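Chemist: give me a 3D structure for the following:
(chains A, B, C, D, E and F)
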There are 4 protein chains.
Amino acid sequence: MSARRDPQGRRQNIIEAAAALIAESGAASLTHRGVAARARVPLGATTYYFATLDDLSTAALHHLAEETDDALRDLADQIGQSRGRPDAVAALVHDYLLAGDQVRADAELYLAGVHRPDLRTLTLRWFEGLVRVLAEHTTPRAARALALYVDGAMLHALTHDEPLDLDEIAFAVTSLMGGPATTDTEH
Amino acid sequence: MSARRDPQGRRQNIIEAAAALIAESGAASLTHRGVAARARVPLGATTYYFATLDDLSTAALHHLAEETDDALRDLADQIGQSRGRPDAVAALVHDYLLAGDQVRADAELYLAGVHRPDLRTLTLRWFEGLVRVLAEHTTPRAARALALYVDGAMLHALTHDEPLDLDEIAFAVTSLMGGPATTDTEH
Amino acid sequence: MSARRDPQGRRQNIIEAAAALIAESGAASLTHRGVAARARVPLGATTYYFATLDDLSTAALHHLAEETDDALRDLADQIGQSRGRPDAVAALVHDYLLAGDQVRADAELYLAGVHRPDLRTLTLRWFEGLVRVLAEHTTPRAARALALYVDGAMLHALTHDEPLDLDEIAFAVTSLMGGPATTDTEH
Amino acid sequence: MSARRDPQGRRQNIIEAAAALIAESGAASLTHRGVAARARVPLGATTYYFATLDDLSTAALHHLAEETDDALRDLADQIGQSRGRPDAVAALVHDYLLAGDQVRADAELYLAGVHRPDLRTLTLRWFEGLVRVLAEHTTPRAARALALYVDGAMLHALTHDEPLDLDEIAFAVTSLMGGPATTDTEH
DNA sequence: TATGAATGAGTCTTCATTCAT
DNA sequence: GATGAATGAAGACTCATTCAT
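Modeler: Numbers count the residues shown, from 1 in each chain, chains lettered A, B, ... in the order given. Below is the predicted model:
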């Protein structure tokens, strides 16, 4: 067998399978067997590359965190292009909430931090990254408030079939960023 | 021992133990044995009163939802007493976030809904209840925005040692409820 | 199935199977599966009665230690009947060394103490018990020397097909106990 | 790294690492991985030079047996220098018992013989060698008795923190060798 | 020749669930 | 009704051993 002697690739393959499973069903239900099946590798491969399930889980969460970093970078670009106008920010939040996988991934990053304090840095990567991006276009205080609102909206998206209306989001973003008139408060 | 000759009480006892464990460590790690130990009942009692672990878990989550209803009723009272003034609402949110158990319980209610769609009604109990309470003192739209912000703040509280500043919360509440001057916008 | 609802007996059954395996092949190679097969119980039974393999191993060693206590009591009786005459002691040592199972059990008790310091009390049960028995009929110093000689003879018995000659043992016992003339040195 | 271009040396290196591990924790817990780590060689090297773990274990035990031979030669020299006087023999036994590694190694040689009859020649190397050395200075019978006593003392040393008193050992040695006056009984 | 990737057998352990008592 | 004994399925993890490179 020995599917393509490519340790680096195989390792990555396993990580991605684990990350996908985490996004789908949560880190709590991750199993070696599940990952092996998803990655189409023998059971032994998962334990060969990761000494413990915790290691594997952690690696997968780090992988998700990196994807989150990418998403934040994109977000920063897009907000920058729209010069941080609240309605544009609202549209971007709206779009973000429709990207099911990304939302689930970010949520799992949060949850990882709830029960495993050692993984809180991952939670912070998302939350503080979001604050940083927003703070380029509004006050720090508004940025934090907005980030918390987005996190709440994330939870909402995960538990409702109907997404939030763009209008509704625009109301919150506009209110928190200081009204429709204000665009570049500072910076 | 305890609930001898009081099946109802014993059942309730088990439910409460399960609910406490869920709030502490999450529904995913619930076990019959753990509940039995916590409730100080024999192992058999947990399976006697609940056909499956899922049933027990569900019952416990329903119990948490009821406690949440109580908390919401209290909140409604307190907000009513302060006539829905934004700074009072902010203070109540601030207090709520300091009540670790309650926050964790509400969070678990959310999570239950994420991975088990059949339990989404429980999630809604919290979210829509919160919206309803807030909507007594502001527009429906602001109420929803505020509820989402609170949910984000809940996630934040679960993953940070330092609680959010009252000031910070007041900023968000005030912004979303329509400025410090506005109290009873409508209704 | 449920072979004879008899928890006490079943537990004992498992312990004895484990003790037999330890005497045969050493505590290091004990496995749940091996014990289950030997005791003719399902695998789950071994873990039901003993939380960990260590617990089971420890229980089995304690069982062996009790058998050793019995053997020491017998020895004390027999030595007493012969009034501690060296040639009688030698004969008893000679007999003891022919009792393969008992010797292997005592040896495992020793070995348990080598790699698991927490089990050294079991080692002491044998060694100090033997010293105590012997000290009834000779000086403490001679008793200790004799006990050490017996332990060496035990190792010898385990690694040789030919047992030690009675003559040979008698020589050592007599020399250490103070010559053929001396019987009841003290006490 | 190390034994590049020196297969013989690398093989030896592996053997010595295995021997050290056996003396430390017993032959039962030997693993390829453990040896490789200890010898600082790649995992593959351990299987390359030794077809099976058993082969490696056996080679390591042979190595220990050789060290034992050396120790016996030293002992023979030292006893010879003191012309076999019992108190000198006692002092040498006392010293030997303080050399933890050597004692553990000899003990493992014994244990190998207990559960693997094919390795009994190794056990004999130690026991019969010791007898031979002692027999240079006393009767064969006393030499054997003394060797058995020393083996018992070895077990004692492995299971007690406090070493045996020199006095105590001297008593046994003197008694078995024929009293303080006698040095070179025969030969 | 040498190595580390690969795999599956085997181990401990946990637990939901069943069921005799 | 109640309970704890009972069991097997499933999971984490370890490792000897094989083998492609």
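Chemist: and A:Glu108, helix, strand or coil?
Modeler: When classified by DSSP: H, G, I helix; E, B strand; the rest coil, A:Glu108 comes out as helix.
Chemist: how near is it to A:Arg120?
Modeler: 14 Å (Cβ to Cβ, to the nearest Å). Using the backbone N, CA and C atoms, a C-beta is placed for each residue, glycine as well.
Chemist: and these two? which has more neighbours close in?
Modeler: A:Glu108 (23 against 18; other Cβ atoms under 10 Å in any protein chain shown).
Chemist: these two touch, right, that one and A:Gly26?
Modeler: Yes - counting by Cβ atoms under 8 Å, A:Glu108 does reach A:Gly26; the two are 6.3 Å apart.
Chemist: and A:Phe50, its phi and psi?
Modeler: Backbone torsions of A:Phe50, given as degrees, to the nearest 10, read phi -130, psi 120.
Chemist: against chain B, how distant is the spatially closest residue to it that is not a sequence neighbour?
Modeler: For A:Phe50, ignoring the flanking residues on the chain, the nearest one in space by Cβ to Cβ, 6 or more residues apart in numbering or on different chains is A:Leu56 at 3.8 Å. Computed with Cβ to the nearest Cβ, to the nearest Å, the distance linking A:Leu56 and chain B is 17 Å.
Chemist: quick one: contacts for A:Leu56?
Modeler: When contacts are counted by Cβ atoms under 8 Å, 6 or more residues apart in numbering or on different chains, A:Leu56 touches A:14-15, A:18, A:30, A:32, A:35, A:46, A:49-50.
Chemist: out of the residues you listed, which comes closest to chain D?
Modeler: A:Tyr49 (14.8 Å; Cβ to the nearest Cβ).
Chemist: so how far is B:Ala18 from A:Gln81?
Modeler: 51 Å.
Chemist: between these two, which one's more packed in?
Modeler: Ranked by neighbour count (other Cβ under 10 Å), A:Gln81 and B:Ala18 place B:Ala18 first, with 30 against 9.
Chemist: residues touching that one, list them.
Modeler: Shown in contact with B:Ala18 (Cβ under 8 Å, 6+ apart): B:30, B:35, B:38-39, B:56-57, B:59-60, B:63.
Chemist: follow-up on the earlier one: tell me which element the residue nearest to A:Phe50 is part of?
Modeler: Here A:Leu56 sits within helix A:53-81, counting by DSSP states H and E.
Chemist: buried set for the helix or strand just after that helix?
Modeler: Counting by DSSP H and E, the next helix or strand C-terminal to helix A:53-81 is helix A:86-98. For helix A:86-98, the neighbour count (16 or more other Cβ atoms under 10 Å in any protein chain shown) marks A:86-94, A:96-97 as buried.
Chemist: can you check stretch A:68-79 too?
Modeler: Here stretch A:68-79 shows A:68, A:71-72, A:75-76, A:79 as buried, counting by 16+ other Cβ under 10 Å.
Chemist: before we move on, the earlier item: give me the buried entries from the contacts of B:Ala18.
Modeler: B:30, B:35, B:38-39, B:56-57, B:59-60, B:63.
Chemist: any chance of the contacts of B:Ala18 in TSV, plus pLDDT and distance to DNA strand E?
Modeler: Converted to TSV, those look like this (pLDDT from 0 to 100; distance: Cβ to the nearest atom of the strand, whole Å):
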residue	pLDDT	distance to DNA strand E
B:Leu30	95	6
B:Val35	97	8
B:Arg38	96	13
B:Ala39	96	13
B:Leu56	97	8
B:Ser57	97	9
B:Ala59	97	13
B:Ala60	97	13
B:His63	96	18
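Chemist: ok, so of those residues, who is nearest chain A?
Modeler: Using Cβ to the nearest Cβ, the contacts of B:Ala18 come closest to chain A at B:Leu30, 10.8 Å.
Chemist: just to revisit the earlier point, from the contacts of B:Ala18, which is closest to DNA strand F?
Modeler: B:Ala39 (10.4 Å; Cβ to the nearest atom of the strand).
Chemist: please identify the buried residues of the host helix or strand of A:Tyr48?
Modeler: Using DSSP H and E, A:Tyr48 sits in helix A:43-49. Residues of helix A:43-49 classed as buried by neighbour count (16+ other Cβ under 10 Å): A:45-46, A:49.
Chemist: ok, back up a step: which of the contacts of A:Leu56 lies closest to B:Asp165?
Modeler: A:Leu30 (35.9 Å; Cβ to Cβ).
Chemist: what distance do you get for that closest one to B:Asp95?
Modeler: A:Leu30 is 36 Å from B:Asp95, by Cβ to Cβ.
Chemist: just A:His160 next, same as before
Modeler: From A:His160 to B:Asp95 the distance is 27 Å (Cβ to Cβ).
Chemist: likewise A:Arg33?
Modeler: Counting by Cβ to Cβ, the gap from A:Arg33 to B:Asp95 is 45 Å.
Chemist: same question for A:His63.
Modeler: On the measure of Cβ to Cβ, A:His63 and B:Asp95 end up 38 Å apart.
Chemist: how many neighbours does A:Glu168 have?
Modeler: There are 18 residues near A:Glu168, going by other Cβ under 10 Å.
Chemist: next up, the contacts around it.
Modeler: Contact analysis of A:Glu168 by Cβ under 8 Å, 6+ apart lists B:141, B:144-145.
Chemist: redo that, cut-off 7 Å
Modeler: Shown in contact with A:Glu168 (Cβ atoms under 7 Å, 6 or more residues apart in numbering or on different chains): B:141, B:144.
Chemist: what do you get for A:Ala107?
Modeler: Taking Cβ under 7 Å, 6+ apart, we find A:Ala107 in contact with A:154, A:158.
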